[in-house]
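*Asks:* Got a sequence here, can you build the structure:
(2 chains)
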Amino acid sequence: MTQTASRTALVELSGVSKNYGNVRALEGVSLEVHAGEITCVLGDNGAGKSTLIKIVAGLHRHDGGTLRLDGEETRLSSPREALDRGIATVYQDLAVVPLMPVWRNFFLGSEPRKGVGPFKRMDVDHMRRTTHAELLRMGIDLRDVDQPIGTLSGGERQCVAIARAVYFGAKVLVLDEPTAALGVKQSGVVLKYVAAARDQGLGVVLITHNPHHAYLVGDRFVLLKRGTMVGNHEREDITLDELTRQMAGGNELDDLRHELERAQARGEGRE
Amino acid sequence: MNATQVKEADERLLRTSPLRKLLGRPELGSVVGAIAVFVFFAFFADSFLRASSLSTVLYAASTIGIMAVPVALLMIGGEFDLSAGVMVTSSALVSSMFSYQMTANVWVGVGVSLLVTLAIGAFNGFMLTRTKLPSFIITLGTFLMLTGLNLGFTKLIDGTVSTKSIADMEGFPSARDVFASTVTVGGVGFKVTILWWFALVAVASWILLRTRAGNWIFAVGGNKDAARAVGVPVTGTRIGLYMGVGLGAWISGQHLLFSYDVVQSGEGVGNELIYIIAAVIGGCLITGGYGSAVGSAVGALIFGMTSKGIVFAEWNPDWFKFFLGAMLLLATLLNAWVRKRAEATK
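*Replies:* Below is the predicted model of the structure:
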């Protein structure tokens, strides 16, 4: 992909690190996100995936390295600032308020208003209609946008959150383990919308610990382990088997297998 | 979803929608409870159905209801305010003592009192958002401090536990008109606090259901991390809610002062729980994110009907607290049951 190398990345992290007190959560991580591409961040629990997205989403500031948005070096101070600069994040715990109706959730934090002075109010009809129409575009036909969002399935809630980000003109979509809590079929549905968002020209960061899901849609793959980057591959440079092997622990896994085999052999020898 | 499924779903929506919408209202449980209390006292207390009794009940309800509205909003936003009861007394004391000591016009004290109650509210909110301690602890602290200040300052300045009379001061008649007058409708006198109460319920409902701030209140109470992540100003919303309680305490306090012309400095302790009870009976979830201003008004009305109904029935008023407690339990159980039914029909 020589062509992408010459383009300016929407988001570019180089050598980024983050400490929580004396705990080093992230060290020397680099990552690029381009328009119309999906960058997958893979890693086991505790690898630093969540810390990484919190930096991109503006929840935490990085301590070292550089963060560039559209080539401009910056440091995000709040989720609001990240949103204003076109980075929308959809969190693992879904970032919705379960008791609130779907339409209130859809516009939460960016409510359209009409009227003047003390009579300035939310444009409720517009909000209801837009929510229904935007979800329909993503293939979710809700009976009632007034139902609490907590009554939707996990996959549908993810799709609402993605639809919301796309509607509000996000340039970069950060998805934190969107398929982690979902069944096989629902994961497929969510991955379809991730691909749909990419086809609309968004840059997508997909955080996951499932290499199969990542390889289905990903253009580049960043592997994290215990806060450091252990791999950064483009799609043509790596096969699914190799990705899975590296993800699962690579050489460590081989060692573990040998050890188990030896133990088993010893056990059989004793009998 | 294919076409036939969509059609089926839509048909089902048409059939169950009105009932489901009604069951889904947070006030439903309290309205059922209010009707039950009304029928009960209409049956047992002969004078309960007279127009003058209605006025008495509404007045009792309004004195609680004025505070129950901002307390309900605060609970929807996920927090408590235990200082709300004594803040009312503080508001009256500040107004009275400032006017008496500093100026000749009571309206100056009224204005200063508003600033003070808003500042106390802002203090509660600021401490909550900065320290991240539970609001129970922070407002318990404010509650104790205000109780002490109320008594201490009054004794220090006036030498006794009550303030001096401000009845002969300039502006007293007009302030009394605003905060404590009686409006006669059809031969029956209604206290002006009832109007204040209705106005507050209307404004709070407008804010909750139709404004951006209302959306933020529900979101902050329902899931404040999610709210923050999508750009809701969580800190500002919570401080604003506490200042709303301050505003309510100001209105109630001025009423307390101008109904008479002196204030007892030890009043108000325990009322904070009654405001919370009214909000909970009205359908506010104790964990936040759910409830309504109208519900808190119905809760206050239940309180008014019970407290006065016992008197009309010529029972010993000592039983009142028992009724209130039983009502709280019943209403909460009913609310939980209604909500479960509402969710099951979805």
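*Asks:* All the strands of the stretch 1-150 of chain A, residue numbers only.
*Replies:* Counting by DSSP state E, counting those that start in this stretch, one finds strands in the stretch 1-150 of chain A at the ranges A:11-20, A:23-33, A:38-43, A:64-69, A:72-74, A:87-90, A:113-114, A:121-122.
*Asks:* Including distance to chain B and mean pLDDT, could those strands go into a markdown table?
*Replies:* To be clear about C-beta, it is placed using only N, CA and C from the backbone, and glycine gets the same treatment. Shown next, in a markdown table, are the strands of the stretch 1-150 of chain A (distance: least, Cβ to the nearest Cβ, whole Å; pLDDT from 0 to 100):
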| stretch | distance to chain B | mean pLDDT |
| --- | --- | --- |
| strand A:11-20 | 17 | 85 |
| strand A:23-33 | 19 | 85 |
| strand A:38-43 | 18 | 88 |
| strand A:64-69 | 17 | 86 |
| strand A:72-74 | 18 | 85 |
| strand A:87-90 | 7 | 85 |
| strand A:113-114 | 6 | 86 |
| strand A:121-122 | 5 | 88 |
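*Asks:* I'd like to know which of those lies nearest to B:L118.
*Replies:* Closest to B:L118 of the strands of the stretch 1-150 of chain A, according to Cβ to Cβ: strand A:121-122, at 24.2 Å.
*Asks:* Let me see the contact set for the most centrally placed residue in chain B.
*Replies:* Geometric centre of chain B, nearest residue: B:A68, 0.9 Å, by Cα atoms, centre = their mean. Applying Cβ atoms under 8 Å, 6 or more residues apart in numbering or on different chains to B:A68 gives the contacts B:275, B:278-279, B:282, B:296-297, B:299-300.
*Asks:* same check, this time on B:S99
*Replies:* Taking Cβ under 8 Å, 6+ apart, one finds B:105-106, B:108-110, B:166, B:169 in contact with B:S99.
*Asks:* Helix, strand, or coil at the nearest residue to B:N335 once chain neighbours are set aside?
*Replies:* Counting by Cβ to Cβ, 6 or more residues apart in numbering or on different chains, B:G29 is the residue found nearest to B:N335 once chain neighbours are left out, at 4.0 Å. Counting by DSSP: H, G, I helix; E, B strand; the rest coil, the backbone at B:G29 sits in helix.
*Asks:* show me the contacts for B:G29.
*Replies:* B:281, B:283, B:331, B:334-335, B:337-338.
*Asks:* Give me the local confidence score for it.
*Replies:* Confidence at B:G29, expressed as pLDDT, is 75.
*Asks:* so how many other residues sit close to the closest residue to chain B within the stretch 151-271 of chain A?
*Replies:* Residue nearest to chain B within the stretch 151-271 of chain A: A:T151 (5.0 Å; Cβ to the nearest Cβ). Applying other Cβ atoms under 10 Å in any protein chain shown, we find 15 other residues in the vicinity of A:T151.
*Asks:* before we move on, what about the one 3 residues further on?
*Replies:* Applying other Cβ under 10 Å, we find 17 other residues in the vicinity of A:G154.
*Asks:* Is it possible to get JSON lines of the strands of the stretch 1-150 of chain A that adds mean neighbour count and distance to A:V160?
*Replies:* Below are the strands of the stretch 1-150 of chain A laid out as JSON lines (neighbours: other Cβ atoms under 10 Å in any protein chain shown; distance: least, Cβ to Cβ, whole Å):
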{"stretch": "strand A:11-20", "mean neighbour count": "18", "distance to A:V160": "24"}
{"stretch": "strand A:23-33", "mean neighbour count": "19", "distance to A:V160": "23"}
{"stretch": "strand A:38-43", "mean neighbour count": "26", "distance to A:V160": "20"}
{"stretch": "strand A:64-69", "mean neighbour count": "16", "distance to A:V160": "26"}
{"stretch": "strand A:72-74", "mean neighbour count": "11", "distance to A:V160": "29"}
{"stretch": "strand A:87-90", "mean neighbour count": "27", "distance to A:V160": "9"}
{"stretch": "strand A:113-114", "mean neighbour count": "12", "distance to A:V160": "21"}
{"stretch": "strand A:121-122", "mean neighbour count": "20", "distance to A:V160": "18"}
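*Asks:* Next up, the contacts around A:K49.
*Replies:* So A:K49 contacts A:41, A:43, A:176-177, A:207, A:209, A:224 (Cβ under 8 Å, 6+ apart).
*Asks:* coming back round to it: for the contacts of B:S99, which one is nearest chain A?
*Replies:* After measuring those against chain A - Cβ to the nearest Cβ - the closest member comes out as B:V110, at 22.3 Å.
*Asks:* returning to that earlier point: could I get the strands of the stretch 1-150 of chain A as a markdown table with distance to B:G289?
*Replies:* Below are these laid out as a markdown table (distance: least, Cβ to Cβ, whole Å):
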| stretch | distance to B:G289 |
| --- | --- |
| strand A:11-20 | 29 |
| strand A:23-33 | 31 |
| strand A:38-43 | 32 |
| strand A:64-69 | 34 |
| strand A:72-74 | 34 |
| strand A:87-90 | 20 |
| strand A:113-114 | 22 |
| strand A:121-122 | 18 |
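*Asks:* B:R228 falls within a helix, correct?
*Replies:* Yes. Judged by three-state DSSP, B:R228 forms part of a helix.
*Asks:* and it, how far is that from chain A?
*Replies:* 6 Å (Cβ to the nearest Cβ, to the nearest Å).
*Asks:* can I assume that residue is in contact with A:P79?
*Replies:* Yes. With contact defined as Cβ atoms under 8 Å, B:R228 reaches A:P79; the gap is 6.4 Å.
*Asks:* and the stretch 151-300 of chain B, which of its residues are near chain A?
*Replies:* B:206, B:210-212, B:214-215, B:218-219, B:222-223, B:225-232, B:285, B:289-290 (Cβ under 8 Å from any Cβ of the partner chain).
*Asks:* Now with 6 Å, please.
*Replies:* B:210-212, B:215, B:218-219, B:222-223, B:226, B:229-232, B:289-290 (Cβ under 6 Å from any Cβ of the partner chain).
*Asks:* residue closest to the middle of chain A?
*Replies:* A:L175 (1.9 Å).
*Asks:* pretty sure that residue is in a helix, no?
*Replies:* No. Using three-state DSSP, the assignment for A:L175 is strand, not a helix.
*Asks:* Just to confirm, what confidence does the model report for it?
*Replies:* Per-residue confidence (pLDDT) for A:L175: 87.
*Asks:* How about the one 4 residues further on?
*Replies:* Reading off the confidence values, A:T179 has pLDDT 79.
*Asks:* Provide the secondary structure category for it.
*Replies:* In three-state terms, and counting by three-state DSSP, A:T179 is coil.
*Asks:* Excluding chain neighbours, what is closest to B:V161?
*Replies:* In space, B:V161 is closest to B:S265, 5.1 Å off (Cβ to Cβ, 6+ apart).
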